[in-house]
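# got a predicted structure here, sequence first:
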Amino acid sequence: MFRTIARTFASARCPMASRRTLRHTALLSLLTMAVMSAFAANALAVSGTPINVGTPFESGPPAVAVDSAGTAYIAWANTKDLPPATTDLVQYCVLPAGAKGCSHTGTLAPADSGTNIDGVQVLVDGSTLILLADVYGTAGSNAGDYIPEQEWESTDGGATFSSVNGGLSVADGILSADTGPVSAVVVPGTNVLGYGWISAASFVPNVGAAPTFDAFPLSSPAECSTVMCPAYELYSVLEPDTNADQVANLGGQYASQTGANPGVMGIFDTDFSNGPLGCPAGEGTAYAYGSGVQSAVNDYDSTSAAGAGSAWKVLTAQADCNVDYPAVGGGPSGFGVLEHSTANNDIVYHRFDQAHENFDTPPVTIAGNASEEDSAVSQDGAGGVYGTFLLGGGGGPISLVYSSNAGASWTGPTTLNPDTDGGASDVTSAVGPTGQGWATWTDNGSIFAQQFDAKDAIAASIGSEGSSSGTSVTITVTCASTPCTVTITITIDPVVTANATRASTDSKRTRHKTITLATGTFTIHRKGLDKLAVKLTKTGKKYFATHHGHVKGAGVLLGVKTSSGVEKVTRTITIAIHKKR
């Protein structure tokens, strides 16, 4: 019923408003052979380094998706409007895991001379890569046919892209000039995509501020624009028919999940002190939830949302109060929201109860006395949950947290990128099925990307030197997340150590015997550097008694207890021996 709405306001359309200010491998040749082959030298040295994937000088927020091979597909709107195009453009980069630069790059221009792009989204559906751009400012007598959503697809890993339907819009959920794009998802089912918007107001009778959602086919979608759309594809207005829960257009995200509990969830910022979504302090969140796979009898496009035949079960209901900067993610561990609790100044994760279709579960604290901004949350194929954000808000380091048990407990936050210039913004991330993750952000006119995995969330490191008085070895250990329980084993291979300074071929025929010098288990209760005295073994005491001055080439194996088990960190150190007076 909304498809007859002409987009006469295209040139005056404003972007979505915001209520807040926007934002290793070390050489281990002296360790025992088993340890050498297993672990990196320092858990705080993350698995990737920042890669400049493009310098548009002016751009919209980047988007990223990761496939089963760990390849990242990153796209953004170049808004510099340089000649000869003088319009916004879609640019992209394909980054395989371990790569130091893009394997494919390109620029795509909106059809019908579209001048502006509100947002760009990237999706991976099987072997198909999808780019979506929310476009306006098209020209000509058929301008409305090309707005709001233009699509490009690639079936060769991003080497080439083709425009879908010649640029005719593939989805629509526009209520008014105050409608802004939120995000796109792969809808549970077979070859179905979805896009969501949110509006501050509407010129549609009896419809106020509301989120909207439109599902459309991946293969050969018909035109669905502000001018026309097939009768079978009428978008959902996600608010009750009566006593509307108006959310305004302060921001939000959509997420989807397949598997045993398929569904789609939207999370939206609110700022009301009264009404159905009112919070005493104003700031809060609302959510919409749909379940099941897309079908004619379980339709994510049903105009009678939450009615018979609709996939939507909850329409714009209150989620949490006294929170801001929410991010929603879904996967094998279910839906959950990462957010900042303004009541306690904590970073928390609130898991959604799909059985009750609400947030009646208690939030879990990820980091106390901490805040975040630009958060993103996603899951791998095993249900591991990953979160990234600017720790402390704008200017803070880009940080990572990880949970292996559906958000019940977390490791981190650890620093992915220190953001030394304080210029990082629009931070987002995604994780592929195998656990390879990529973060992307803008900084000083460039788009950056950096890979990570679960081990990068281990918050522990080992100092390069130790000391001993004959009964113990004192070393320094740093835990960024506390309490932190560690088991320390210090070993040495005398043969390897002796031959490290002389290239003797005879050592290859010498039997190696690793000596355990010291062991101990400790619980660290404070963040930062901590000195730990690890007791020498009987063999260790004898070894130190025969050495004077320094012991070089000792290997420290640090086992850090996490929610997913024991993660291991290693380092080679030099130990100074203090003689007794």
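Now that the structure is in, tell me what you want to look at.
# how is this protein carved up into domains?
With automatic domain parsing as the criterion, the domains of the chain are listed as 46-170, 460-577.
# quick one: end-to-end distance for the shortest one.
By that I understand domain 460-577. 25 Å (Cα to Cα, to the nearest Å).
# before we move on, back to that, quick one: closest of the domains of the chain to residue 416.
domain 46-170 (5.6 Å; Cβ to Cβ). Glycine gets a C-beta too; all of them are placed from N, C-alpha and C.
# report the mean confidence score over that closest one.
Taken as a whole, domain 46-170 carries a mean pLDDT of 94.
# for the domains of the chain, give me JSON lines that also has mean neighbour count.
Listed next are the domains of the chain as JSON lines, based on neighbours: other Cβ atoms under 10 Å:
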{"stretch": "domain 46-170", "mean neighbour count": "20"}
{"stretch": "domain 460-577", "mean neighbour count": "17"}
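# would you list those domains in TSV and tack on distance to residue 388?
What follows is these, written out as TSV (distance: least, Cβ to Cβ, whole Å):
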stretch	distance to residue 388
domain 46-170	11
domain 460-577	15
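# quick one: which of those domains is nearest residue 192?
Of all the domains of the chain, domain 46-170 sits nearest to residue 192, with 8.7 Å by Cβ to Cβ.
# please compute how far that closest one lies from its chain's middle.
Distance, stretch centre to chain centre, for domain 46-170: 19 Å (Cα atoms, centre = their mean, to the nearest Å).
# stretch 251-270 too?
Between the centre of stretch 251-270 and the centre of its host chain there is 14 Å, according to Cα atoms, centre = their mean.
# what are the phi and psi angles of residue 402?
For residue 402, the backbone dihedrals are phi -150, psi 140 (criterion: degrees, to the nearest 10).
# show me what it bridges to in the sheet.
Judged by DSSP bridges, the bridge partners of residue 402 are residue 386, residue 411.
# sorry, back to before: which among the domains of the chain is found nearest to residue 312?
With Cβ to Cβ as the criterion, residue 312 lies closest to domain 46-170 of the domains of the chain, at 20.0 Å.
# which helix or which strand is home to the residue sitting nearest the centre point of the chain?
For the chain, residue 429 is the residue whose C-alpha lies nearest the centre (Cα atoms, centre = their mean; 3.1 Å). Using DSSP states H and E, residue 429 sits in strand 425-431.
# check residue 279 too.
Per DSSP H and E, residue 279 falls between elements, in no helix or strand.
# next one: it relative to residue 343, how far apart?
Per Cβ to Cβ, to the nearest Å, residue 279 is found 10 Å from residue 343.
# and if you look at residue 420?
Applying Cβ to Cβ to residue 420 and residue 343 gives a distance of 32 Å.
# do I have it right that residue 484 meets residue 460?
Yes - in terms of Cβ atoms under 8 Å, residue 484 counts as a neighbour of residue 460; the distance is 6.3 Å.
# who touches both of those two?
Both residue 484 and residue 460 are in contact with residue 560, where contact means Cβ atoms under 8 Å, 6 or more residues apart in numbering.
# how about stretch 393-413: buried residues?
Neighbour-count burial for stretch 393-413, counted by 16 or more other Cβ atoms under 10 Å, picks out 393-394, 396-404, 406-407, 410-413.
# start to end distance for stretch 145-158?
Using Cα to Cα, one end of stretch 145-158 lies 26 Å from the other.
# now do stretch 197-215
Span of stretch 197-215 from end to end, Cα to Cα: 12 Å.
# what is the mean pLDDT for that stretch?
Mean predicted confidence for stretch 197-215 is 77.
# before we move on, which element is residue 544 in?
helix 538-545.
# which other helices and strands contact that helix?
The contact analysis (3 or more Cβ pairs under 8 Å, 6 or more residues apart in numbering; DSSP states H and E) places helix 538-545 against strand 515-524.
# so what strands line up beside the helix or strand following the strand it packs on?
Next in sequence after strand 515-524, counting helices and strands by DSSP H and E, comes strand 528-535. Here strand 528-535 has these sheet partners by DSSP bridges: strand 472-479 (antiparallel).
# for the partner strand, output the C-alpha coordinates as PDB.
Extracted C-alpha coordinates of strand 472-479, given in PDB (Å, rounded to 0.1, in the frame of the first residue of the first chain):
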ATOM      1  CA  SER A 472      62.800 -18.800  42.400                       C
ATOM      2  CA  VAL A 473      62.700 -16.900  39.000                       C
ATOM      3  CA  THR A 474      61.000 -13.600  39.000                       C
ATOM      4  CA  ILE A 475      59.400 -12.600  35.700                       C
ATOM      5  CA  THR A 476      56.900  -9.900  34.700                       C
ATOM      6  CA  VAL A 477      53.500 -10.800  33.300                       C
ATOM      7  CA  THR A 478      50.900  -8.300  32.100                       C
ATOM      8  CA  CYS A 479      47.200  -9.100  32.100                       C
END
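# which other residues reach that strand?
Among residues not part of strand 472-479, those counted as contacts by Cβ under 8 Å, 6+ apart are 44, 459-463, 465-468, 486, 488, 490, 517-518, 522, 524, 527-536, 540, 554, 556, 558, 560, 573, 575.
# which strands and helices sit next to the helix or strand just after it?
Once the chain leaves strand 472-479, the next helix or strand it forms, by DSSP H and E, is strand 484-492. Applying 3+ Cβ pairs under 8 Å, 6+ apart, one finds that strand 484-492 makes contact with strand 460-468, strand 472-479, strand 515-524, strand 528-535, strand 550-562.
# would you reformat the ones you listed as TSV and include distance to residue 300?
Converted to TSV, the helices and strands packed on strand 484-492 look like this (distance: least, Cβ to Cβ, whole Å):
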stretch	distance to residue 300
strand 460-468	44
strand 472-479	45
strand 515-524	48
strand 528-535	49
strand 550-562	37
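# which intervals of the stretch 451-581 of the chain have sub-threshold pLDDT?
For the stretch 451-581 of the chain, the stretches with pLDDT under 70 are 459, 480-481, 495-512, 527, 562-565, 567, 579-581.
# how much space between the residue nearest to residue 96 when sequence neighbours are not counted and residue 441?
Nearest non-adjacent residue to residue 96, counting by Cβ to Cβ, 6 or more residues apart in numbering: residue 71, 4.8 Å away. Applying Cβ to Cβ, the value for residue 71 to residue 441 is 19 Å.
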